[in-house]
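Peer 1: I need the structure of the sequence given here:
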Amino acid sequence: MPTRGPWWTQLYLQVLTAIVLGALIGYFAPQTGQALKPLGDAFIKLVKMIIAPVIFLTVVTGIAGMRDLGKAGGVAVKAFIYFFVVSTFALILGLTVANVIHPGAGMHIDPASLDPTKVKEFTAKAHDLTPVGFLVEIIPTSVVGAFLDGNILQVLFFSIPFGIALAMIGERGAPALAVLESLGQAVFRLVAIFMRAAPIGAFGAFAFTVGKYGIGSVASLAALVATFYGTSIVFVLGVLGIIGWLNGFSILKLIRYLKAELLLVLGTASSEAALPSLLEKLERAGAAKSVVGLVVPTGYSFNLDGTNIYMTLAALFIAQALGIQLTLPQQLLLLSVAMASSKGAAGVTGAGFITLAATLQVVDTVPVAGMALILGVDRFMSECRALTNFMGNAVATLVVSRWEGQLDRVALAAALNGQPGPALFPVGTEADAN
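Peer 2: Sure thing, here's the model as predicted:
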C-alpha cells in the first residue's frame, strides 16, 4: 500500500478548506470575493488546456490497443445503450418530481413582466444545439482547430476514427502507438502537477459565487434549488446506487474514492476540472484502459444525468410559476425534445442553461423569457449538475467495463476500500494523484 503524506497534504482536505475560506470571504467581503474570480477562471483554463490532448491520447491508445475493432464497437454500443436508458430515466425523474412537489406553484408571475433580454445570450447559443447545428458543430474545420477550441465532441470526432485506423494497420502502427503511450504518460504527469493548483482555483471560484450572487439570492427560489438538490441526491444514491449494487460495487464507497475530484467539481462548478484525474483513477480502480478511454470522454457529452434532471424540473418550475398548465402530451413533447437537446451539451459553455433554452424554443408552450426567473440561482444549481454528471460517468464506466468482462474486481475492491494501488503517473506522494 502506498505511503500517504501528512494529512494536510491530502488534496481533498486542501480543496475543502479552500471552499470554506472562499465562502467566508464571499459572504463577509463580497467585493473581495468577486475580485477573486480570475483565480477560478485561471485554473479552469489550465485544466481545459490539457483536456483535448488527454482525450485524444486516451481514446486513440485505448482503441488501437484493442486490436479487435469489433470489441471497440461493442464497447461503444453498450455505452450508448447505457447512456440512453439512464439519461432518459433522469429526465423522467425530474419531470415526475416537478409534478409531485410543484416547486413553482403559488408564485403567480405575470409573463408580461419578464425581461427577455436577460436570457438573449443563452437563446442565441441554443441554436447550436438544434439537430442541424449539432451536426455542423461536431465536425471541426481542421484537426488543429478541434484542439485549439478544446471542443470535446470535435476531438472525439477525430480521435475515434484515428484510433481505428491505427488499429487497422496492425504492426506498422506499433511505433506510433508506443510514442502516443509515452506522450500519455507525460500528459498525465502534467495533470498531477496542475492538480496542485486545485485548492487555489476552488477558493477563487467559490468566493466569486458567494460574493456575486450571495446566499440570499437562493432564498427567493429556495423551493426550486432544494428540490433539484434533493432529486439529484435521490438519483445518485438511489438510481446510481442500485446500478452500482447490481454490478458489484457500493456508490458510497465510490463517492469516498472520488472525494477529491468531487470537491474540486463543487468548488469550480465544472465537471471538466476533474476529467483528467477521473480517467486516471478509474483505471487505477480496475476499469480497462480501452473502456475508460471510450466511455468517459463520450459520457461527458452524451451522459449528462444532472443536466437532464435540471432541464425537465426547471422547465416545469417555470411553467408552474407562470401559471401555465401543461397537459400530459405537452409534457411528453417536452421530454422528447429535452432528450435530443441534452446530447452534446458539453461542447457549449453554460451547457445546462443553454440546453434548457434550446428545449423551450422548440416547446413554445412555455416562454423562453421565463428562464429569467431562475437566472439568479442557476450558478448554484450548476454545481449540483456538475456533481451528478460526474458521478454518472464514473458509474457508467465501471458498469460498461464489467459488461465487457474487463473490470479487475480485486483492484476495484482495493480502491473502494481505501487501498488503491500506486498511481499510474505519481508525482511525489499519493496525495498528488488523489
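Peer 1: Now do the helix or strand hosting Ile243, average pLDDT.
Peer 2: Using DSSP states H and E, Ile243 maps to helix 241-246. The pLDDT scores in helix 241-246 average 95.
Peer 1: what's downstream of it, the next helix or strand?
Peer 2: Counting by DSSP H and E, what follows helix 241-246 is helix 251-257.
Peer 1: just checking, next helix/strand downstream of that next one?
Peer 2: Taking DSSP H and E, what comes next after helix 251-257 is helix 259-268.
Peer 1: so who does Ala285 touch?
Peer 2: 257, 398, 411-412, 415-416, 420 (Cβ atoms under 8 Å, 6 or more residues apart in numbering). For glycine as for every other residue, the C-beta is placed from the backbone atoms N, C-alpha and C.
Peer 1: what two of those residues are the furthest from one another?
Peer 2: Leu398 and Pro420 (14.1 Å; Cβ to Cβ).
Peer 1: on that earlier part again, which strands and helices sit next to the helix holding Ile243?
Peer 2: helix 251-257, helix 378-403 (3 or more Cβ pairs under 8 Å, 6 or more residues apart in numbering; DSSP states H and E).
Peer 1: cutoff 10 Å now
Peer 2: Contacts defined by 3 or more Cβ pairs under 10 Å, 6 or more residues apart in numbering; DSSP states H and E place helix 241-246 against helix 69-101, helix 251-257, helix 378-403.
Peer 1: Looking only at neighbour counts, state which of Leu398 and Pro420 leads.
Peer 2: Taking neighbours as other Cβ atoms under 10 Å, Leu398 and Pro420 compare with Leu398 leading, 26 against 21.
Peer 1: Quick check: which ranges of the stretch 1-150 of the chain have low pLDDT?
Peer 2: Within the stretch 1-150 of the chain, the set of residues satisfying pLDDT under 70 comprises 1-9, 66-70, 107-137, 150.
Peer 1: all helices of it, in order?
Peer 2: 11-28, 30-35, 37-66, 69-101, 120-126, 131-138, 143-149 (DSSP state H, counting those that start in this stretch).
Peer 1: that older thread, just the CA atoms of the helix holding Ile243, as PDB, please.
Peer 2: Only the C-alpha atoms of helix 241-246 are listed here, as PDB (Å, rounded to 0.1, in the frame of the first residue of the first chain):
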ATOM      1  CA  GLY A 241     -26.600   3.200  -6.100                       C
ATOM      2  CA  ILE A 242     -28.900   0.400  -7.300                       C
ATOM      3  CA  ILE A 243     -26.900   0.200 -10.600                       C
ATOM      4  CA  GLY A 244     -23.700   0.000  -8.700                       C
ATOM      5  CA  TRP A 245     -25.100  -2.700  -6.300                       C
ATOM      6  CA  LEU A 246     -26.200  -4.800  -9.300                       C
END
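Peer 1: Centre of the chain to that helix, how far?
Peer 2: Its chain's C-alpha centre and that of helix 241-246 lie 20 Å apart, by Cα atoms, centre = their mean, to the nearest Å.
Peer 1: same deal with stretch 276-291?
Peer 2: Its chain's C-alpha centre and that of stretch 276-291 lie 16 Å apart, by Cα atoms, centre = their mean.
Peer 1: Quick check: mean pLDDT of it?
Peer 2: 88.
Peer 1: start to end distance for that stretch?
Peer 2: Terminal residues of stretch 276-291 lie 15 Å apart, using Cα to Cα, to the nearest Å.
Peer 1: coming back round to it: out of the helices and strands packed on helix 241-246, flag the one nearest Leu148.
Peer 2: helix 378-403 (24.2 Å).
Peer 1: Do a quick rundown of the helices in the stretch 201-350 of the chain.
Peer 2: Under DSSP H, counting those that start in this stretch, the stretch 201-350 of the chain gives helices at 216-219, 222-234, 241-246, 251-257, 259-268, 275-284, 289-302, 305-321, 328-341.
Peer 1: how about the third one: buried residues?
Peer 2: Right, helix 241-246. Neighbour counts over helix 241-246 (16 or more other Cβ atoms under 10 Å) mark 241, 243-244 as buried.
Peer 1: Now for the closest residue to Pro53 other than its chain neighbours: which residues touch it?
Peer 2: Spatially, and ignoring its direct neighbours in sequence, Pro53 is nearest to Val187 (5.4 Å; Cβ to Cβ, 6 or more residues apart in numbering). Residues counted as contacts of Val187 (Cβ atoms under 10 Å, 6 or more residues apart in numbering) are 50, 53-54, 56-58, 276, 425.
Peer 1: repeat that for 8 Å
Peer 2: 50, 53-54, 57.
Peer 1: Surely Leu224 and Pro103 touch.
Peer 2: Yes. Contact criterion Cβ atoms under 8 Å: Leu224 and Pro103 qualify, at 4.8 Å.
Peer 1: if I look at the two, which residues touch both of them?
Peer 2: 313, 317.
Peer 1: Comparing the two, which residue is more hemmed in?
Peer 2: Leu224 (26 against 23).
Peer 1: circling back to that earlier point, quick one: which of the contacts of Ala285 is nearest Ile324?
Peer 2: Looking across those and measuring by Cβ to Cβ, the closest to Ile324 is Leu398, at 41.0 Å.
Peer 1: Check the gap between that closest one and Ala64 for me.
Peer 2: 23 Å (Cβ to Cβ, to the nearest Å).
Peer 1: Same check on Gln361?
Peer 2: From Gln361 to Ala64 the distance is 41 Å (Cβ to Cβ).
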